[in-house]
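K.L.:
model this:
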Amino acid sequence: MDATTTLAVAIILAALIFNFANGWHDAANSIATIVSTRVLRPGLAVVWAAAFNFIAFLVFGTGVAKTVGEGLVDVTRVTEDWRLWVLLSALVGAIVWDVITWYFGLPSSSSHALAGGFAGGAIAAQFITDGAYAGLLRAGGWIRILVFIVLSPLLGMVLGFLFMVALMWVFRRSRPDRVDHIFRKGQLVSAAAYSLGHGGNDAQNSMGIMTAVLVAGGFLASAPDGGLPDIPLWVVLSAHAAIALGTMTGGWRIVHTLGSRITRLKPVHGFAAETAGAVTLAMNTALGIPVSTTHTITGAIVGVGATRRLSAVRWGVARRVVWAWVFTVPMSALVAAGFVLVVRLFRG
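P.N.:
Residues are numbered from 1 along each chain as shown. Coordinates of the predicted model:
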């Protein structure tokens, strides 16, 4: 096996590890509400979420993968012998940031960490070669990502608030125990829908990187327009399998933050939050926009909590979560850039 093939295989394995870490880190997104409301025990909840993470490939296309693989960074502008290293640096930056935020129990965006790592690695590679940055970062893709860093939690919050108000009105004359009974079953459906959206959007992040690796390494021809070709089926299936396995391990520190520290939840609240999150994710995935499932569900939980009273939301915890979001792109970019510089030292 030559050096290029060895490096390509290593990057593909790193991409699958990233997807595993994504599922492990973001398991809380899918199961926090259903666990905190005691509808399912943690072990059953992660299996339920993982199953829908995997079958999401049957529902959604690969538009998000194309955005990640070709819509953020023009890898062809990077010196050829650095292209694969840049793709590896993106994964390193994202994985390191996921581990850091998991350790502190902070929900953050794996999608945005990968985007930040991709940009940081590419810029560092250009810095140590010819320094030609013009056209390296594709403005259209970055504008969409940066806009939806703000819009996805806001949309989740608004939908969560509206769904909860609608449910309160529909069931205003029902006994609390009857409402609880209905939505303990309803949460199985809403959690499944949210997990489907989580798998459909987040699993595609590594698909874009893996396909870019195959093209950069000469193992797969680019599309006629110079972009990414169709995503190979084995890439799609392996990415979904990795994120599903990661979800089954559970990110329990973050489950606690999302499920109980932001606001207290009952089954009806969990149903409204998960439904709001599922709708938001489905819309963005259909548009090919990589968004944060973490931002989305956090916004939805805040919106649901606000229907009771603003003081029902622990704004101090929410503020810490927002700061983690703010630092995700720049910090993962710095980690990736540092990795490229270390590689440069070893390569001479």
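K.L.:
Okay, helices next: where are they in this protein?
P.N.:
Assigned by DSSP state H, the helices in the chain fall at 3-36, 42-55, 63-70, 83-103, 110-128, 139-170, 176-216, 233-249, 252-256, 267-286, 293-306, 315-347.
K.L.:
pLDDT score assigned to Thr280?
P.N.:
Note on Thr280: pLDDT of 92.
K.L.:
thought it was touching Leu159?
P.N.:
Yes: taking contacts as CB atoms under 8 Å, Thr280 lies within contact range of Leu159: 6.4 Å. Glycine gets a C-beta too; all of them are placed from N, C-alpha and C.
K.L.:
Neighbour count: the two, which is higher?
P.N.:
Neighbour comparison, Thr280 and Leu159: the larger count goes to Thr280, with 31 against 24 (by other CB atoms under 10 Å).
K.L.:
where do the contact lists of Thr280 and Leu159 overlap?
P.N.:
Listed as contacting both Thr280 and Leu159 by CB atoms under 8 Å, 6 or more residues apart in numbering are Ala300.
K.L.:
Would you mind confirming that Ala212 makes contact with Leu72?
P.N.:
No: look at Ala212 against Leu72 with CB under 8 Å: they stay out of range, at 10.4 Å.
K.L.:
Need the overlap of contacts for those two.
P.N.:
Common contacts of Ala212 and Leu72, defined by CB under 8 Å, 6+ apart, are absent altogether.
K.L.:
picking up where we left off before, for the helices of the chain, which one sits closest to Gly226?
P.N.:
Judged by CB to CB, the one of the helices of the chain that comes nearest to Gly226 is helix 63-70, at 8.7 Å.
K.L.:
what's the closest one packed up against?
P.N.:
helix 110-128, helix 176-216, helix 267-286 (3 or more CB pairs under 8 Å, 6 or more residues apart in numbering; DSSP states H and E).
K.L.:
and Val165, which of the ones you listed is closest to it?
P.N.:
helix 267-286 (8.9 Å).
K.L.:
now the angle between helix 139-170 and the closest one, please.
P.N.:
150 degrees (axes from the mean of the first three to the mean of the last three CA atoms, to 10 degrees).
K.L.:
Show me which residues of helix 267-286 are buried.
P.N.:
Neighbour counts using 16 or more other CB atoms under 10 Å place 267-282, 284-285 of helix 267-286 among the buried residues.
K.L.:
hang on, Leu245 packs against Ile17?
P.N.:
No: using CB under 8 Å, Leu245 makes no contact with Ile17, being 10.7 Å away.
K.L.:
Check the contact lists of those two and give me the overlap.
P.N.:
Residues touching both Leu245 and Ile17 (CB under 8 Å, 6+ apart): none.
K.L.:
what about dumping the CA coordinates of stretch 68-83 to CSV?
P.N.:
C-alpha atoms of stretch 68-83 as CSV (Å, rounded to 0.1, in the frame of the first residue of the first chain):
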residue,chain,number,x,y,z
VAL,A,68,-19.6,20.0,3.5
GLY,A,69,-17.4,18.4,0.9
GLU,A,70,-17.4,21.1,-1.8
GLY,A,71,-19.4,24.1,-0.6
LEU,A,72,-17.1,25.4,2.2
VAL,A,73,-13.5,25.1,1.1
ASP,A,74,-12.1,24.8,-2.5
VAL,A,75,-9.7,22.0,-1.8
THR,A,76,-8.4,22.2,-5.4
ARG,A,77,-6.7,25.5,-4.4
VAL,A,78,-4.6,23.7,-1.8
THR,A,79,-1.3,22.3,-2.9
GLU,A,80,-1.9,18.7,-4.0
ASP,A,81,0.4,17.1,-1.5
TRP,A,82,-1.4,18.9,1.3
ARG,A,83,-5.0,18.2,0.3
